[in-house]
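*Asks:* sharing a model prediction with you, sequence too.
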Amino acid sequence: MKLPTLPTVVVHLFVAIILVATATSQSKQPADLIIVGGLVVSMNPARTIYQDGSIAIKNDSILAIAPRAEIDSKYHAAQTIDARGKLVLPGFINGHTHVPMTLFRGLHDDVTLNDWLYKYIFPAEAKNVNEEFVRWGTRLAAAEQIRSGVTTFADMYYFEDAVAEETKAAGMRGVLGETFIDFPAPDNKTNAAMLSYTETFLKKWQGDPLIHAAPAPHSIYTCSKKTIQDAAALARKYHAPILMHVSEMKKEWDDSEKQNGMSPVEYLESIGVLGSDLIAAHCIFVDEADRKLLAQRNVGCVHNPSSNMMIASGVSPVPEMRAAGIAVGLGTDGPAGSNNDLDLMEEIDLAAKLAKITKMDPLALNAKGVVEMATIDGARALHLEKEIGSWNPAKKPTSS
């Protein structure tokens, strides 16, 4: 009997290896993308951290998050990202901003909020803001936010349909509020026009995977009771969120106590606006009774440390709000006057330091707490925690 030659044996062995590798590959589940290795901070309920973790993603959902060896054994993908030596976090959430204001950056500093609004930004907007202005400002803001790790943001401005189109084109997720205000705005000159524009805006974006359209009554000091209630009614008709500045300066609190006999939070409760669809920006002047009410109504609150410091508005009682069970996220506010950037990493840093120094307690707001505010608690504040904010199977990996 003639034995096979060595080259023949090598060929057979090579074929066998290919067959085994093919069978192994076929036994694995397909994914579109696998993030390989890295220090993966899940922000799941257990706050699990994988020292050498991987994440498998298919379409726009997370398939699995696990140690790298486990993902390697179960999934294969045409595209991988080598994250070894890197930190892998859920996308940051900027819970409150006015993105077209990138084009007003540096307009005027060193003033109170009331003066900045009425002496500088409102006149500048009346003179300069149109749809083209909004589009270019949004494009610039999208680039800045993506660079700093932000994948989702909540916005309040004019021509918000244009903001939505540019946000979607950038592949970001947005909770985007069309402003209601009781004076002629750059896009809508009457309350009837505001309602008509916003209803069309809400209809257009219903069911979109990235854009959550919303009415945004500016505040209790720029909107009448009727304007606020009209905006809330429209939001609830279309199951949309409501964006609003709430208790953001001492003058607002004092005027509400004088005019309404109650705090701004109590006033919003009295007119039927507080609810699990409200996203309240700032919440600086909220006492214990207010905090209890916000928690009971499941209102999301957004802390804006740079803005509050820059215009000397005050310090939001973040530790007390978190202790009361309120979902508190982080925001940059607008990148003009009240802040000059869209860097959420800076807000993470400042939020922790501001709480520590005002409470004279180094544990007042720790690293874990501020990362929660930038991710999963930010998602809770926007009422989107079922979609984003943590690396959990079936959630969205980032924004697109």
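*Replies:* Great, that's in hand. Note that the coordinates shown come from a computational prediction; the quantities given were computed from them, not determined experimentally.
*Asks:* which stretches of this protein have low pLDDT?
*Replies:* Scanning the chain with the threshold set as pLDDT under 70 gives 1-26, 398-400.
*Asks:* one more time with 50
*Replies:* Residues of the chain meeting the criterion pLDDT under 50: 1, 3, 6-24, 399-400.
*Asks:* outline the domain layout of it.
*Replies:* Listed domain ranges for the chain are 6-88, 92-381 (source: automatic domain parsing).
*Asks:* of all those domains, which lies closest to residue 396?
*Replies:* Of all the domains of the chain, domain 6-88 sits nearest to residue 396, with 5.7 Å by CB to CB. (Glycine included, C-beta is placed from N, CA and C.)
*Asks:* can you give me the helices in the stretch 101-250 of the chain?
*Replies:* 113-115, 122-128, 131-147, 160-169, 191-205, 225-237, 250-260 (DSSP state H, counting those that start in this stretch).
*Asks:* tabulate those helices (a markdown table), appending distance to residue 181 and mean neighbour count.
*Replies:* Output for the helices of the stretch 101-250 of the chain, formatted as a markdown table (distance: least, CB to CB, whole Å; neighbours: other CB atoms under 10 Å):
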| stretch | distance to residue 181 | mean neighbour count |
| --- | --- | --- |
| helix 113-115 | 15 | 18 |
| helix 122-128 | 9 | 13 |
| helix 131-147 | 16 | 19 |
| helix 160-169 | 13 | 22 |
| helix 191-205 | 8 | 17 |
| helix 225-237 | 8 | 18 |
| helix 250-260 | 15 | 15 |
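*Asks:* those helices: which one's closest to residue 48?
*Replies:* Across these, closest to residue 48 is helix 131-147 (CB to CB), at 26.3 Å.
*Asks:* so who does residue 31 touch?
*Replies:* Residues in contact with residue 31 (CB atoms under 8 Å, 6 or more residues apart in numbering) are 56-58, 63, 75-77.
*Asks:* whoops, residue 328 was the one
*Replies:* Residue 328 is in contact with 301-303, 318, 321-322, 373, 377, 381, counting by CB under 8 Å, 6+ apart.
*Asks:* quick one, phi psi at it?
*Replies:* Dihedral pair for residue 328: phi -120, psi 120, per degrees, to the nearest 10.
*Asks:* and if you look at residue 39?
*Replies:* phi -90, psi 100.
*Asks:* so what's it closest to, chain neighbours aside?
*Replies:* Leaving aside its sequence neighbours, residue 39 sits nearest to residue 87 (CB to CB, 6 or more residues apart in numbering; 5.1 Å).
*Asks:* for residue 199, same thing?
*Replies:* In space, residue 199 is closest to residue 234, 6.2 Å off (CB to CB, 6+ apart).
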